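Student: Below are the sequence and a predicted model; questions follow.
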Amino acid sequence: MNATEPILKVEGMKKHFPVQRGFFRHVAGWIKAVDGVDFFINHGETLGLVGESGCGKTTVGRLILKLIEPDQGRLLYRGDDISQFSQNDMKPLRKEMQVIFQDPYGSLNPRMTIGQTIEEGLRTIGNIDGNERKERVKELFELVGISPSACGLYPHEFSGGQRQRIGIARALSVEPTLIICDEPVSALDVSIQAQIINLLNELQDKFGISYMFISHDLNVVGYISDRVAVMYLGQIMEYTTAEKIFDNPLHPYTQALLSAIPDPDPDSLKEIHTLSGDVPSPLDPPPGCKFQGRCPLVEDQCKHEEIEMRRISEGHHVRCRKV
Amino acid sequence: MTATLNNLETEHPPRTPFQESWRLLRKNKLALCGLAIFLLFAVTALMGFFLTSGPNPIFNPATIRLEEKLRQPLSLPKVDELHEEDLPRLGIYLFGTDDLGRDVFARMLQGAWVSLTVGFVAVGIAIIIGVFLGGVAGYFGHKRVRVDQIGAIVLLFLGPVLISTGHQFYGILLIAAILGHLKFAKRIYRPLISNPSNWLSLPFKETILVDTVVMRFVDIMLCFPSFFLILTVVALLPASIYNIMIIIGLTSWMGATRFVRAEFLSLRELDFVTAAKALGISDWRIIFRHMLPNAIAPVLVSATIGIASAILTEAGLSFLGFGVPPPHATWGNILSNGKRFIFDAPWLTFIPGFFILIVVLSFNLFGEGLRDILNPKLRERH
């Protein structure tokens, strides 16, 4: 295996969900949740995926994990196209890719002690007997900062941040190489957010795990990510390094997102470009640029021409004609 | 976190799940009462089984004493008129005697065992079928099956029927043919399936949702008024207690199926199930280890109430004369025999009626309590 080869590469991935109506459940339309997405994740790297609610970021995460089947496009894991893999083919790959969820309350089985929850993951690896598993569980809890003696407790006995740590321990149990973090800190207090993000960073340094970090908070994404992809209505709008997103945002949507980050300095006179309008329904997206209805720079041409991703500089891609 | 945990550990050792359940049960007086009555009933029924069966039982429910008809409860036997072996074992007619002079107490003892086994076996059958079908409908509901597969599975049930009615050869042949069809249908009919314009290919397309198959079957079963369905089947089959248990079980699983399916539909969308899938845990392990414990509470509650209603159904069947054949006593047929003498000997109807009421009520109370106990969120925080 080539070390410089990206661990995961997504090419032109699409997922359209049918909308069924009426007595005979005929297909009345398609929700274009993910409409042609390309990116890659390198070894030990974090890719941030930002966008507002309903733009398809979570769907991208589930597509990568093959929890739902992509309609089109290629999904290359270490160079193998896994987009057509059946659930059976995926079995050996399951321990390579793991997931951390947004909702720390729904992500742990309320009827299992947290020790059992982690053990379930270890069980799938095989070749580990009961005592060894118990030892591993304790190690994993220590790793994420939970007292190993808490093994026998149920999830409702923990706070949100602690549950998120348990979720991370579960993901780590199978020693994955890629973790999809699906808004792992959105449901937490700011101080806890920092703890979880630092924990994720530590684990990355220790084990060289790659992350795909999905979030709606550009600040958090900018802090943890090496590169950032900004998504809008199922498409990536801007795709570059974290520094460039903050220093030189090119797409008007990225600029609007950045200006919406609250400034802690009360005296600063930052100009806020609020976006007008709403996200158009993914059931009936506008032709041409998806962002046209809310863009300050919109021109006639934007409304008809399909906009392609353009390379602006090394590793900086933007889907906008005006840049 | 660590500090509080360590403190707690020094205060009292962690409880096992069983101790925790027991602690919760003790708080719920009504449920504890239900459990106590149920245990008393179970012990009585078990003892009753041994005391009233065998060639020379200690309490003989079949002894007929025509000179002692319709004696009141707590009345003493006329010692000089009876043979010594016909005297009631307790020296007193605790619950009186019936129109043939049989000791109602001995008959109640014998009937308790019938009620207990009918309740448990029937509900056991119903729960097994209900959990399995509900789990399949809830978890695999969005998958599609072919029409020929459904037909094959329906026919598959005919095999055991043929075997049990003496046509072993045809039964085995049928089962083998159907299993072969299920395994090789795709290969055999490939030319047919590969041509989509051929209408003959329609039955071999995956068109029907698993959920539709299971739930419409539930609807069909619910359409039959179940008591009359049971009556019909009982009339066709030889009267025996085992047939009645099985039939009550086979006609009362629909509620459990619906409960389990509904719970599974909401559980399937939860993140912990997604996490289990992402870990590569097998579907059946997810169903039974991860989802079922979260879905079982309403099923258990309905099961305890189902035991009560199975006891009632058996009593009803016996009352109508379709139940366990006489002279075997059940609470239902004691009640049924007693109705002719309701003004002269009211104890013949009220004693079995009262015990049915008490047992059914205790099951319901215990069922309600069980629901609370099984919910870990109600457990005390450590």
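Tutor: Okay, I see it.
Student: C-alpha from now on. contacts and neighbour counts both.
Tutor: Will do.
Student: The helix or strand where A:Gly48 lies pairs with which strands, and in what direction?
Tutor: According to DSSP states H and E, A:Gly48 maps onto strand A:46-50. Strand A:46-50 pairs in its sheet with strand A:210-215 (parallel), strand A:227-232 (parallel), by DSSP bridges.
Student: How about the residues of the stretch 151-300 of chain A by chain B?
Tutor: Applying C-alpha under 8 Å from any C-alpha of the partner chain, one finds that the stretch 151-300 of chain A approaches chain B through A:154, A:156-157, A:171, A:174.
Student: May I see those arranged in JSON lines, with neighbour count and secondary structure as well?
Tutor: Formatted as JSON lines, these follow (neighbours: other C-alpha atoms under 10 Å in any protein chain shown; DSSP: H, G, I helix; E, B strand; the rest coil):
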{"residue": "A:Tyr154", "neighbour count": "23", "secondary structure": "coil"}
{"residue": "A:His156", "neighbour count": "20", "secondary structure": "helix"}
{"residue": "A:Glu157", "neighbour count": "19", "secondary structure": "helix"}
{"residue": "A:Ala171", "neighbour count": "26", "secondary structure": "helix"}
{"residue": "A:Val174", "neighbour count": "22", "secondary structure": "coil"}
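Student: Could you report the distance from the most centrally placed residue in chain B to B:Phe38?
Tutor: Nearest to the mean C-alpha position of chain B, counting by C-alpha atoms, centre = their mean, stands B:Val123 at 0.7 Å. Using C-alpha to C-alpha, to the nearest Å, B:Val123 is found at 16 Å from B:Phe38.
Student: quick one on the thing from earlier: kindly reformat the strands paired with strand A:46-50 as a markdown table containing mean neighbour count.
Tutor: Shown next, in a markdown table, are the strands paired with strand A:46-50 (neighbours: other C-alpha atoms under 10 Å in any protein chain shown):
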| stretch | mean neighbour count |
| --- | --- |
| strand A:210-215 | 25 |
| strand A:227-232 | 25 |
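Student: Export those strands to CSV and append columns for distance to B:Thr349 and mean pLDDT.
Tutor: CSV is the format used below for these (distance: least, C-alpha to C-alpha, whole Å; pLDDT from 0 to 100):
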stretch, distance to B:Thr349, mean pLDDT
strand A:210-215, 70, 93
strand A:227-232, 75, 92
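Student: Turn the ones you listed into JSON lines, columns for distance to A:Val37.
Tutor: Below are the strands paired with strand A:46-50 laid out as JSON lines (distance: least, C-alpha to C-alpha, whole Å):
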{"stretch": "strand A:210-215", "distance to A:Val37": "14"}
{"stretch": "strand A:227-232", "distance to A:Val37": "9"}
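Student: Return the set of buried residues in the helix or strand containing B:Phe354.
Tutor: Secondary structure from DSSP H and E places B:Phe354 in helix B:347-373. Residues of helix B:347-373 classed as buried: B:347-349, B:351-353, B:356, B:358-373 (neighbour count, 16 or more other C-alpha atoms under 10 Å in any protein chain shown).
Student: need the contact list for the closest residue to A:Lys303 other than its chain neighbours.
Tutor: With sequence-adjacent residues excluded and distances taken as C-alpha to C-alpha, 6 or more residues apart in numbering or on different chains, A:Lys303 is closest to A:Gly288, at 4.8 Å. A:Gly288 makes contact with A:302-307, according to C-alpha atoms under 8 Å, 6 or more residues apart in numbering or on different chains.
Student: Minimum distance to chain B, which residue of chain A gives it?
Tutor: A:Ser107 (4.2 Å; C-alpha to the nearest C-alpha).
Student: Now do the same for residue 160: its pLDDT.
Tutor: Picked chain A for this. You'll see A:Gly160 listed with a pLDDT of 89.
Student: Correction: the question concerned chain B.
Tutor: Model confidence at B:Pro160, given as pLDDT, is 82.
Student: Could you check which helix or strand contains it?
Tutor: helix B:158-164.
Student: Which other helices and strands does that helix contact?
Tutor: helix B:168-188 (3 or more C-alpha pairs under 8 Å, 6 or more residues apart in numbering or on different chains; DSSP states H and E).
Student: Adjacent strands (with direction) for the longest strand along chain A?
Tutor: Across chain A, the longest stretch assigned as strand under DSSP state E is strand A:26-41. Sheet pairing here is set by DSSP bridges, and for strand A:26-41 it gives strand A:8-21 (antiparallel).
Student: how about the partner strand: buried residues?
Tutor: Neighbour counts using 16+ other C-alpha under 10 Å place A:8-10, A:13-16 of strand A:8-21 among the buried residues.
Student: Need the residues that contact it.
Tutor: Contact with strand A:8-21 is made by A:26-42, A:69-79, as judged by C-alpha under 8 Å, 6+ apart.
Student: could you show me where the strands are in the stretch 201-323 of chain A, in order?
Tutor: A:210-215, A:227-232, A:235-241, A:310-313, A:316-318 (DSSP state E, counting those that start in this stretch).
Student: Next: the stretch 51-200 of chain A.
Tutor: A:72-77, A:80-81, A:97-100, A:178-182.
Student: coming back round to it: ok, is the helix holding B:Phe354 in contact with chain A or not?
Tutor: No: Helix B:347-373 lies out of reach of chain A by C-alpha under 8 Å from any C-alpha, never closer than 12.3 Å.
Student: Just the buried ones out of the contacts of A:Gly288, please.
Tutor: Among the contacts of A:Gly288, those classed as buried by 16+ other C-alpha under 10 Å are A:302-303, A:307.
Student: Where does the residue nearest to the centre of chain B sit: helix, strand or coil?
Tutor: Secondary structure state of B:Val123, per DSSP: H, G, I helix; E, B strand; the rest coil, is helix.
Student: Isn't it up against B:Ala308?
Tutor: No: using C-alpha atoms under 8 Å, B:Val123 makes no contact with B:Ala308, being 9.4 Å away.
Student: Buried ones in the helix holding B:Pro160, by neighbour count?
Tutor: B:159-160, B:162.
Student: CA atoms only: put that helix into PDB for me.
Tutor: The C-alpha coordinates for helix B:158-164 follow below in PDB (Å, rounded to 0.1, in the frame of the first residue of the first chain):
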ATOM      1  CA  LEU B 158     -48.600 -28.000   4.800                       C
ATOM      2  CA  GLY B 159     -45.700 -30.400   5.100                       C
ATOM      3  CA  PRO B 160     -45.900 -31.000   8.900                       C
ATOM      4  CA  VAL B 161     -49.700 -31.200   8.600                       C
ATOM      5  CA  LEU B 162     -49.300 -34.000   6.000                       C
ATOM      6  CA  ILE B 163     -46.700 -35.800   8.100                       C
ATOM      7  CA  SER B 164     -48.800 -35.600  11.200                       C
END
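Student: got a list of what A:Leu63 touches?
Tutor: A:69-70.
Student: run the last query once more with 10 Å
Tutor: The neighbours of A:Leu63, taking C-alpha atoms under 10 Å, 6 or more residues apart in numbering or on different chains as the test, are A:13-15, A:34, A:57, A:69-71, A:75, A:83.
Student: What residues are bridge-paired with the residue minimising distance to the centre of chain A?
Tutor: By C-alpha atoms, centre = their mean, chain A has its centre lying nearest to A:Ile214, at 2.8 Å. A:Ile214 has these beta-bridge partners by DSSP bridges: A:Leu49, A:Asp182.
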